[in-house]
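> sequence plus the predicted model coming up.
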Amino acid sequence: MNRTRRVTANLPDELLAEAMQVTGEGITETLTEGLRLVRRTRAYPKAMALKGRLRPHLDLDASRERRRRRR
């Protein structure tokens, strides 16, 4: 992350405790993961709207060969 922002928020104790238990992390990490999940959730419908509209021109054999060389 490039920059951080300090915020004050009133959060339900039970919800925060449950989320922290699920992530196994602290408050900051749990909230960050939640914000990323919101971002992904909003991006998914946009990506699905593009389904079938993009016609990538890929050489799969060349792409696979590059992957093998890196290992």
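Looks like it came in fine.
> in terms of helices and strands, where is residue 38?
Using DSSP states H and E, residue 38 sits within helix 27-49.
> what does that helix contact?
Helix 27-49 is contacted by residues 16, 19, 20, 23, 25 when judged by CB atoms under 8 Å, 6 or more residues apart in numbering. Just so you know, the C-beta spots here come from the backbone N, C-alpha and C atoms, and that holds for glycine as well.
> also stretch 7-22?
Residues contacting stretch 7-22 (CB under 8 Å, 6+ apart): 26, 27, 30, 34.
> most surrounded residue in those?
residue 30 (19 neighbours; other CB atoms under 10 Å).
> check that one and give its pLDDT.
Note for residue 30: predicted pLDDT of 97.
> do the same with residue 69
In this prediction, residue 69 has a pLDDT value of 68.
> what about residue 19, distance to residue 64?
Noted for residue 19: a distance of 40 Å to residue 64, by CB to CB, to the nearest Å.
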